[in-house]
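A.B. asks: Can you look at this prediction? I've put the sequence above it.
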Amino acid sequence: MEEMARRIKELEALLLAAMGRIAELEGKTKRNSGNTSMPPSSDMGRVKRKPPVEPSGRNPGGQPGHDGQTREQVPPEEVDATEDLDPPTCEACGENLGDQPRLDAFIRQVTETPEFKAFVQEFRLWLKRCPKCGKTTRAGMPAGSPKGAFGPRLQARIALLSGRFRLTRRETRAVAKSMFGVKISVGSVQACCEAVSAVAAPTTHEIHEEVKQAPGVHADETGFGKCGKKRMWLWIGTTEKAEVFRLLPGRGKDQALDLLGKGYSGFIHRDRWKAYEQFKEALHQLCHGHIRRDFQSMLESGGETGTQGAMLKLASDRGFHLWHQFERGEIDRKTLIRLMKPIRKEVFDRLTILSKGINITKKARGTVVDILRQWESMWTYVDKDGVLPTNNNRYAACGIAVVVPSAAGMNVFAGLDGCRRADDGDKVPMPTHQDPQNAETGVGAMEGNPFHQP
């Protein structure tokens with residue numbers, strides 16, 4: 001009997017381990033953009049989407065009572081040409097109106113682009129022979145002229161197409177041919193991007209320093225392929241006025257320090273990655289968007305983990321409802337703090353149950369332990385002005401960044417209005433001021449540095 005009891009215990013332990021392993025493997029098959037940080041493009045049809053909404057029977061477009069929107073007219077000082085048109089005859093009786101005074105004018109503006117045609121200037125560098133010594137001398141280019149085949153405006157626009165608008169080098173070449181009438185090779189497109197990047201480097205450094213001094217930064221990091229043999233990570237810091245990109249060979253403390261600077265003491269909106277915890281003087285806010293995905297993953301695990309995950313997500317829903325009320329001005333800060341107390345207690349209690357439970361998945365237990373370790377950083381937004389519960393600002397910046405192969409086989413990092421080449425894992429500063437839609441910034445920089453030309 002003793003031998004049988006011992007054997008039963010061994011089999012129970014083996015069964016428990018097998019069930020845990022099965023749950024872990026099933027959890028991996030259920031990973032998607034809704035319960036992890038994976039992008040929606042990685043779902044590959046594994047996530048059931050909501051069925052299409054049944055037709056409402058209403059006509060498409062704005063409904064009756066909808067406030068219409070009218071295109072704003074260009075201010076008079078920005079109008080390039082005007083033309084006054086008088087009616088020649090009365091539309092009722094045909095009387096000539098040529099000598100009649102004007103009453104009022106209906107303004108109609110038509111916007112058109114100029115005909116795009118590249119301006120080609122030919123420099124003929126003549127050779128002359130000295131009548132005194134017989135030495136031949138060829139003329140040089142005028143001061144301030146480009147060294148290569150393309151001028152600063154064209155280079156800036158090529159870089160804008162590839163960097164800000166994320167066209168591939170070949171697509172950029174096609175646009176240059178179809179819109180500007182310029183024949184340019186893929187290698188020359190790359191050279192234009194690198195030239196603009198080199199000219200913009202001092203500005204990128206200046207903006208990076210601005211981010212380091214900002215009172216609050218939304219920070220994040222994500223895998224970004226390889227440069228040579230090194231695994232690269234895109235580190236992003238966004239503020240209200242600026243964004244900084246750093247393509248760095250690592251995801252540790254040194255890279256976080258490079259992004260935010262030593263002794264950063266503002267607000268850091270972030271995920272649970274430990275590299276940010278070195279900033280002891282800063283106030284930290286964990287992203288509740290990430291944490292909600294963790295709760296969703298627990299919910300889908302089933303069993304006790306799933307039950308607690310479902311209740312945690314409901315508590316999170318109530319917390320976000322209060323936050324939105326606060327944002328709309330329906331409740332004040334004091335009321336927010338008071339109403340959040342029971343929610344915070346429930347979340348803590350349920351996380352504690354998960355951390356001590358027996359039939360809890362390994363992944364859920366690790367997540368819970370990590371959240372409890374950084375418990376106070378979950379709720380900074382409740383007490384402090386200027387702090388948000390999510391790190392959503394960084395997603396817009398992350399979507400702008402792209403990596404494309406260069407003509408030399410390296411990876412090239414491109415962003416909003418400039419780029420830096422990543423040769424074998426070098427540090428790549430890519431800060432930008434937000435809303436740099438105008439190409440004139442790059443044009444001005446290139447015209448002021450004519451010798452940084454491909």
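C.D. replies: Received it, and whenever you're ready, just let me know what you need.
A.B. asks: Could you report the pLDDT at residue 105?
C.D. replies: For residue 105, the model assigns a pLDDT of 90.
A.B. asks: which non-adjacent residue is nearest it?
C.D. replies: Spatial nearest neighbour of residue 105, excluding adjacent residues (CB to CB, 6 or more residues apart in numbering): residue 84 at 7.7 Å. Backbone N, C-alpha and C define where each C-beta goes, glycine included.
A.B. asks: May I have the secondary structure class of the one you found?
C.D. replies: What DSSP: H, G, I helix; E, B strand; the rest coil gives for residue 84 is coil.
A.B. asks: again with residue 268
C.D. replies: Residue 268 - assigned by three-state DSSP - is strand.
A.B. asks: and it, what are its bridge partners?
C.D. replies: residue 217, residue 284 (DSSP bridges).
A.B. asks: hmm, back to that, distance-wise, check the residue nearest to residue 105 relative to residue 99.
C.D. replies: Between residue 84 and residue 99 the computed distance is 15 Å (CB to CB, to the nearest Å).
A.B. asks: for residue 270, same thing?
C.D. replies: From residue 270 across to residue 99, the span is 75 Å (CB to CB).
A.B. asks: For the two, indicate the residue with more neighbours.
C.D. replies: residue 270 (26 against 5; other CB atoms under 10 Å).
A.B. asks: who are the neighbours in contact with the more buried one?
C.D. replies: 218-220, 276, 284-287, 391 (CB atoms under 8 Å, 6 or more residues apart in numbering).
A.B. asks: now the strands: where do they sit in the stretch 251-400 of the chain?
C.D. replies: With strands called from DSSP state E, counting those that start in this stretch, the stretch 251-400 of the chain shows them at 267-270, 283-286.
A.B. asks: Could you dump those into TSV with mean pLDDT and distance to residue 312 added?
C.D. replies: Below are those laid out as TSV (pLDDT from 0 to 100; distance: least, CB to CB, whole Å):
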stretch	mean pLDDT	distance to residue 312
strand 267-270	94	20
strand 283-286	95	14
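A.B. asks: Tell me which of the ones you listed lies nearest to residue 261.
C.D. replies: Residue 261 lies closest, by CB to CB, to one member of the strands of the stretch 251-400 of the chain: strand 267-270, at 11.7 Å.
A.B. asks: Using PDB, list the CA coordinates for the closest one.
C.D. replies: This file holds the C-alpha atoms of strand 267-270, laid out as PDB (Å, rounded to 0.1, in the frame of the first residue of the first chain):
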ATOM      1  CA  PHE A 267       7.900  61.300 -15.600                       C
ATOM      2  CA  ILE A 268       8.600  58.200 -17.500                       C
ATOM      3  CA  HIS A 269       5.700  56.500 -19.100                       C
ATOM      4  CA  ARG A 270       6.900  52.900 -19.900                       C
END
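A.B. asks: can you give me how far that strand is from the chain middle?
C.D. replies: In terms of CA atoms, centre = their mean, to the nearest Å, the centre of strand 267-270 is found 16 Å from the chain centre.
A.B. asks: tell me which element residue 5 falls in.
C.D. replies: Residue 5 belongs to helix 2-29 when assigned by DSSP states H and E.
A.B. asks: now that helix, how far from the chain's geometric center?
C.D. replies: Distance, centroid of helix 2-29 to centroid of chain: 45 Å (CA atoms, centre = their mean).
A.B. asks: quick one: strands adjacent to the next helix or strand after it?
C.D. replies: Later in the chain than helix 2-29, the nearest helix or strand by DSSP H and E is strand 127-129. Applying DSSP bridges, strand 127-129 is found paired with strand 136-138 (antiparallel).
A.B. asks: Of all the helices and strands in this structure, which has the lowest average confidence?
C.D. replies: In the chain, no helix or strand scores lower on mean pLDDT, DSSP states H and E than strand 419-422, which sits at a mean of 32.
A.B. asks: packing partners for the helix holding residue 5?
C.D. replies: helix 362-373 (3 or more CB pairs under 8 Å, 6 or more residues apart in numbering; DSSP states H and E).
A.B. asks: any idea of the mean pLDDT in the helix it packs on?
C.D. replies: Here helix 362-373 scores 90 as its mean pLDDT.
A.B. asks: and that helix, how far out from the chain's middle?
C.D. replies: Offset of helix 362-373 from its chain centre (CA atoms, centre = their mean): 28 Å.
A.B. asks: Need the residues that contact that helix.
C.D. replies: Helix 362-373 has contacts (CB under 8 Å, 6+ apart) with 20, 24, 27, 272, 286, 291, 294, 297-298, 301, 305, 309, 348, 351-352, 354-355, 357, 360, 378.
A.B. asks: are any of these buried, and which?
C.D. replies: By neighbour count, with 16 or more other CB atoms under 10 Å, the contacts of helix 362-373 hold 27, 272, 286, 291, 294, 297-298, 301, 305, 309, 351, 354-355, 357, 360, 378 as buried.
A.B. asks: relative to helix 362-373, how tilted is the helix holding residue 5?
C.D. replies: Interaxial angle of helix 2-29 relative to helix 362-373 (axes from the mean of the first three to the mean of the last three CA atoms, to 10 degrees): 70 degrees.
A.B. asks: Residue 56 and residue 63, how far apart?
C.D. replies: Per CB to CB, residue 56 is found 10 Å from residue 63.
A.B. asks: in what helix or strand does residue 219 lie?
C.D. replies: According to DSSP H and E, residue 219 maps onto strand 216-227.
A.B. asks: so where's this structure uncertain?
C.D. replies: 20, 23-24, 26-28, 30-50, 393-454 (pLDDT under 70).
A.B. asks: if we go to 50?
C.D. replies: Along the chain, segments meeting pLDDT under 50 span 397-441, 443, 450-454.
A.B. asks: So which of the strands of the stretch 251-400 of the chain is the most surrounded?
C.D. replies: strand 267-270 (a mean of 25; mean count of other CB atoms under 10 Å).
A.B. asks: got a list of contacts for stretch 377-396?
C.D. replies: So stretch 377-396 is contacted by 215-216, 218-220, 236, 238, 267, 269-271, 283-291, 319-320, 323, 333, 336-337, 340, 344, 347, 371 (CB under 8 Å, 6+ apart).
A.B. asks: Quick check: buried residues in that stretch?
C.D. replies: 377-382, 387-391, 393-394.
A.B. asks: from the middle of its chain, how far away would that stretch be?
C.D. replies: 17 Å.
A.B. asks: Keeping just the C-alphas, turn it into CSV.
C.D. replies: Backbone C-alpha positions of stretch 377-396 (Å, rounded to 0.1, in the frame of the first residue of the first chain) are rendered in CSV as follows:
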residue,chain,number,x,y,z
SER,A,377,4.4,52.7,-10.5
MET,A,378,1.0,51.5,-11.7
TRP,A,379,-0.9,54.3,-10.1
THR,A,380,1.2,57.4,-10.5
TYR,A,381,-1.3,58.9,-12.9
VAL,A,382,-4.0,58.8,-10.2
ASP,A,383,-2.1,61.3,-8.0
LYS,A,384,0.1,63.4,-10.3
ASP,A,385,-0.9,65.9,-12.9
GLY,A,386,0.5,65.5,-16.4
VAL,A,387,0.8,61.7,-16.1
LEU,A,388,-1.3,59.4,-18.3
PRO,A,389,-2.3,55.8,-17.7
THR,A,390,-1.0,54.5,-21.1
ASN,A,391,2.0,54.8,-23.2
ASN,A,392,0.1,55.2,-26.5
ASN,A,393,2.1,58.2,-27.6
ARG,A,394,5.1,56.0,-28.5
TYR,A,395,3.0,53.9,-30.9
ALA,A,396,2.6,56.8,-33.4
